[in-house]
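S.K.: no sequence for this one, just the structure:
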């Protein structure tokens, strides 16, 4: 059996720590691991399968003799280093937005479109966390009844904005409890002009605004969905729109999804059954018993949780559902490692 040298780029981050854990539990035969991060993190010691591994500063030379790279170190770093890794023969699975809309880079959710991996040229992109859970939940419905339109409103956890934003929200919560002024320096996005507290608040802005009034996060959900389902980010075969909101939750994105199907014979009970029978999806839908997905209950789990499935009584062929998943695990580390497992199984850990 072939064994692989695996590098984790961004190993000391919130997603990086989960990548290490997911790799430990994966089916990938690992010969050796390299943990890579920024210069300030170099020298730290992390563990892999109870063995101590020293974190190295990530440079182009770090990827010599590496077979597989799992990356979550930010888009700028990915753009700089992953092409260098590919030059040295590594295949890279990237968890940033750097390559998602590149027409030469497959955007993959295993169980949905892993067949597109055969097209890879050395880099595979992991979709946005909010896109992953929505498309995963909708895919069995799409397969059986077709989809005409998706309208999604997201309730996204602060951890999706990074550890510093997470820490700031917790600090704001304490400031509020102490009747102090809430200090905000990061959210909605560090790159924008104004910043607002998230603690005890809702922020209807994730990423910067585009000229059409949509945020870039909303743009990503729209176009990533089309690329995943139809391999065309501008496909007219489905209508997709989104409103993305940052909420004061630590881990776990929630999504209220409205969708219309092509086959109007669909009924809610059959949609629930399709969800229940799909690997990776967990149906939690007993409203009379107040059973429905919640971020606190989804945290630390790889599955996507679906509930509140119901017909829209005003519009035939339209339905609503509520989708929750751990954004750091299901929406990032788990999907990234799942992609790597698919590459191994299909013998695609090689640069064409």
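M.R.: Alright, I've got the coordinates. Bear in mind that the values here come from a model prediction, so they are computed numbers and not experimental data. Numbers count the residues shown, from 1 in each chain.

S.K.: residues of the longest helix belonging to the chain that come out buried?
M.R.: Taking DSSP state H as the criterion, the chain has its longest helix at helix 129-145. Of the residues in helix 129-145, 129-142, 145 count as buried by neighbour count, 16 or more other CB atoms under 10 Å. For glycine as for every other residue, the C-beta is placed from the backbone atoms N, C-alpha and C.

S.K.: try stretch 87-107
M.R.: 90-100, 105-107.

S.K.: what is the most widely separated pair among those residues?
M.R.: Checked with CB to CB, the buried residues of stretch 87-107 reach their widest spread between 90 and 97, with 20.3 Å between them.

S.K.: residue 78: neighbour count?
M.R.: 25 (other CB atoms under 10 Å).

S.K.: identify the residues contacting it.
M.R.: Residues near residue 78 by CB atoms under 8 Å, 6 or more residues apart in numbering: 9, 71, 94, 96, 98, 99.

S.K.: could you do residue 305 as well?
M.R.: 281, 282, 284, 293, 297, 298, 323, 324, 325.

S.K.: pLDDT (mean, whole number) over the longest helix of the chain?
M.R.: Helix 129-145 comes out with an average pLDDT of 98.

S.K.: next helix or strand past it?
M.R.: Proceeding N to C from helix 129-145, the next assigned helix or strand is strand 147-156, under DSSP states H and E.

S.K.: just checking: what are the partner strands of that next one?
M.R.: Applying DSSP bridges, strand 147-156 is found paired with strand 239-246 (parallel), strand 253-261 (antiparallel).

S.K.: can I get those in a markdown table with distance to residue 22?
M.R.: Putting the strands paired with strand 147-156 into a markdown table (distance: least, CB to CB, whole Å) gives the following:
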| stretch | distance to residue 22 |
| --- | --- |
| strand 239-246 | 25 |
| strand 253-261 | 18 |
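
S.K.: how about these in TSV, adding distance to residue 303 and mean pLDDT?
M.R.: TSV is the format used below for the strands paired with strand 147-156 (distance: least, CB to CB, whole Å; pLDDT from 0 to 100):
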stretch	distance to residue 303	mean pLDDT
strand 239-246	22	98
strand 253-261	13	99
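
S.K.: re the thing from before, from the contacts of residue 78, which two are the most distant?
M.R.: 9 and 99 (13.4 Å).

S.K.: what sits in contact with each of these two?
M.R.: Joint contacts of residue 9 and residue 99 (CB under 8 Å, 6+ apart) are 78, 82.

S.K.: tell me the angle whatever helix or strand residue 224 lives in makes with strand 239-246.
M.R.: For residue 224, the host element (DSSP H and E) is helix 216-230. Counting by axes from the mean of the first three to the mean of the last three CA atoms, to 10 degrees, helix 216-230 lies at 140 degrees to strand 239-246.

S.K.: for helix 216-230, packing partners?
M.R.: Contact here means 3 or more CB pairs under 8 Å, 6 or more residues apart in numbering; DSSP states H and E; on that basis helix 216-230 packs against helix 129-145, strand 147-156, strand 239-246.

S.K.: would you map the strands across the stretch 51-200 of the chain?
M.R.: Applying DSSP state E, counting those that start in this stretch to the stretch 51-200 of the chain gives strands spanning 51-54, 56-57, 68-71, 91-94, 123-125, 147-156.

S.K.: paired strands for the first one, with orientation please.
M.R.: Strand pairing for strand 51-54, using DSSP bridges, gives strand 45-48 (antiparallel).

S.K.: do the same with the shortest one
M.R.: When pairs are called by DSSP bridges, strand 56-57 turns out to pair with strand 30-37 (parallel).
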